[in-house]
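Peer 1: Could you work out the structure for the sequence below:
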Amino acid sequence: MISSLNNYNPAFLGLLVQSPLLCNGFISSKPLGLPPTEERNPKLATLFASSTQKDSATTLLALDNDGEEDEIVVTVDRAPCFDGVCESTPVDGDVAAFLTDTHACDHDNGKDKESSPSDENDAVGEAMLRLGTMTGPTVWSEFGRLSQEYDVANLGQGFPDWLPPDFAVEALVSATIDSTKQSPHQYTRTAGHPNLVKQLARRYSKHMHRTIDPMNEVAVTVGASQALYLCLQTLVKPGDEVILFEPFFDLYQNQIKLAGGTPVYVPLTFVPYTEDTGEVSGGEWVLEPEKLEQAISPKTRAIILNSPHNPTGKVFNLSEMKHIAENVIAAGPQCVVISDEVYKYIVHSSPPQEELLGVESSCPGHIHFASLPGMWDRTITVSSAGKTFSATGWQVGWCVGPSNLISPVHQLEALARTLPKADEPYEGYDSYYEYLNSKYRRKRDLLGKGLKEAGFAIPDYDRTPGGGFFIFARITPELRRALPAERMGPEYTKNPAAPGGEARLDWALCQWMAEEKGVLCIPSSPFFSRERAMEGASDEFIRVAFCKTDETIESAARALMGVRSKKELIGSSLVETSAE
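Peer 2: Below you'll find the predicted structure:
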């Protein structure tokens with residue numbers, strides 16, 4: 001990474017890499033140790049990162065006018081990684097203090113100068129004022145650090161740990177070596193390469209049971225995250241409200257704030273199967289219509305619907321979607337739905353037939369919200385290739401909807417060559433999509449067995465529809481008792497990465513399992529609003545990913561067996577022995 005030392009501003013770098021729009025970046029762990037500008041050659045001095053990383057840190061070197069390398073600082077990756085691998089550590093006190101102190105460094109003369117609160121606000125842009133100076137660690141940086149420091153079976157980050165299918169890789173290689181006049185290496189239309197938008201329009205015409213105009217109703221983006229960002233930026237103005245179903249993927253919240261909007265939370269209700277016997281069971285997350293009705297107002301600009309749902313795995317059923325559609329209309333003509341459907345091909349437990357639309361679906365078990373009566377004109381559908389083709393690093397996303405809601409964005413050619421091949425027979429299945437669903441169903445059951453044996457309560461997928469590749473596991477009293485008491489003491493619970501700076505039961509259990517038991521999962525509290533997390537709404541749940549190799553899942557299952565006291569069945573009696 002190259003950056004001029006001229007006008008070097010560590011506060012700016014700190015704010016920049018903490019932006020939820022970025023997935024990679026760096027910040028000096030000791031930014032004030034850099035030489036003042038005037039001590040370096042302003043024309044030749046440059047800052048760059050060496051290619052060698054040690055202990056999640058990168059050595060930064062400076063080239064002076066004599067061409068010699070001077071080691072000047074050690075950096076660590078501070079960028080929040082949303083469901084990705086982070087080699088990160090929390091922001092240290094020096095950086096955090098610098099970014100929030102009312103004394104700023106004057107790099108014009110190398111001296112400190114007094115600044116007022118208004119000067120401090122002037123130092124950052126409107127986006128950062130809306131977000132607040134989020135310079136501290138996050139759940140992703142914290143648990144990314146744990147995954148690097150400890151030998152763990154990583155069931156935390158939501159990305160597959162295997163290669164994309166061969167036909168997808170071959171399509172990528174084919175696109176990169178294409179030397180024809182139609183090769184994808186030069187500028188193309190900003191809303192997406194013609195080949196790709198035509199393929200997407202063809203597919204979504206089947207999904208939506210209508211003809212999609214590839215040039216006006218499809219836009220290609222840098223991943224689904226950018227599609228969501230662009231949707232909110234084009235829809236929302238300051239004062240607008242955007243409804244989130246809670247728990248929610250944490251990226252949504254800050255993207256709403258970046259656009260100037262206000263998140264309004266509609267909590268999903270967890271309904272246990274039964275607890276009459278005193279046993280803590282799994283259950284279902286349901287949308288109560290009256291809670292949505294109470295949240296709707298003339299200020300409601302958008303509703304973000306994520307089905308299948310991250311983090312719970314919930315598949316919204318037809319009646320719930322109809323309630324959402326009714327409230328969209330009730331809110332007024334300004335209200336639209338942003339339907340995040342990145343897991344549409346991974347419905348591993350399909351809803352009953354009566355809860356589907358009654359028409360043949362190209363994504364079995366999934367309902368495209370825009371296909372509901374009257375909802376095409378009120379919906380932007382967002383998706384991506386990453387989850388479906390196990391290629392999250394490709395960062396290929398798109399949005400589909402009426403032309404008045406679609407904004408022009410970026411493009412990629414390789415996917416256009418991949419999509420038709422996915423419909424062909426694959427590994428003994430009628431299509432790649434059938435193979436994918438079967439693969440994830442098997443992995444879900446493999447992990448679910450390990451979670452149940454370790455004492456967690458999980459959904460019964462014979463009675464509860466499920467999608468995506470996460471299990472939202474419930475913490476039982478037995479597991480609470482297994483957690484050492486000191487883990488709920490102030491030494492561990494005061495954690496700046498946790499909501500409100502307080503690590504509650506879900507966080508404490510996940511941290512203990514990573515540090516002491518060799519398995520990494522993600523606490524549920526970051527998927528809730530801060531207020532609800534502090535009230536304890538997320539205490540009982542953790543998110544566990546099964547988009548991993550069988551070897552990783554089996555290793556995690558063995559590690560999970562060490563979390564609680566082992567119970568061995570001898571004859572007809574249970575004998576409890578310590579797992580320590």
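Peer 1: Next, Asn437: phi, psi?
Peer 2: Taking degrees, to the nearest 10, you get phi -60, psi -40 for the backbone angles of Asn437.
Peer 1: what's it in contact with, if anything?
Peer 2: Listed by C-beta atoms under 8 Å, 6 or more residues apart in numbering, the contact set of Asn437 reads Tyr345, Ile346, Val347, His348, Pro364. Placement of C-beta: from N, CA and C, glycine included.
Peer 1: rerun at 10 Å
Peer 2: Neighbour list for Asn437: Tyr345, Ile346, Val347, His348, Ser350, Cys363, Pro364, Gly365, Tyr429, Ser431, Gly467 [criterion: C-beta atoms under 10 Å, 6 or more residues apart in numbering].
Peer 1: Next one: the last one from Val544, what distance?
Peer 2: Yep, that's Gly467 we're talking about. 15 Å (C-beta to C-beta, to the nearest Å).
Peer 1: Let me know the average pLDDT across the helix or strand hosting Tyr433.
Peer 2: Counting by DSSP states H and E, the element that carries Tyr433 is helix 432-454. In this model, helix 432-454 carries a mean pLDDT of 94.
Peer 1: mind listing what's buried in it?
Peer 2: 432-437, 439-441, 443-444, 446-448, 450-451, 454 (16 or more other C-beta atoms under 10 Å).
Peer 1: In whatever helix or strand comes next after it, which residues have enough neighbours to count as buried?
Peer 2: Downstream of helix 432-454, the first helix or strand assigned by DSSP H and E is strand 470-474. Within strand 470-474, the residues scored as buried using 16+ other C-beta under 10 Å are Phe470, Ile471, Phe472, Ala473, Arg474.
Peer 1: The second one reaches Ala454, doesn't it?
Peer 2: So that's Ile471. No - contact status for Ile471 versus Ala454: not in contact, 12.0 Å apart, counting by C-beta atoms under 10 Å.
Peer 1: Once you drop chain neighbours, what's closest to Ala556?
Peer 2: Ala153 (3.6 Å; C-beta to C-beta, 6 or more residues apart in numbering).
Peer 1: for that neighbour, what are its contacts?
Peer 2: 147, 450, 513-514, 517-521, 548, 551-560.
Peer 1: Which of the residues you listed are buried, as a PyMOL select command?
Peer 2: To isolate the buried ones among the contacts of Ala153 in PyMOL, judged by 16+ other C-beta under 10 Å, type:
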select buried, resi 147+450+513+514+517+518+519+520+521+548+552+553+555+556+557+559+560
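Peer 1: Show me the contacts of Ala153 that map onto strands.
Peer 2: Val519, Leu520 (DSSP state E).
Peer 1: Quick check: mean pLDDT of stretch 146-158?
Peer 2: Taken as a whole, stretch 146-158 has a mean pLDDT of 90.
Peer 1: ah, wrong one, I meant stretch 457-475
Peer 2: On average, stretch 457-475 scores 95.
Peer 1: That one: which residues count as buried?
Peer 2: By neighbour count on 16+ other C-beta under 10 Å, the buried set for stretch 457-475 is 457-459, 461, 464-475.
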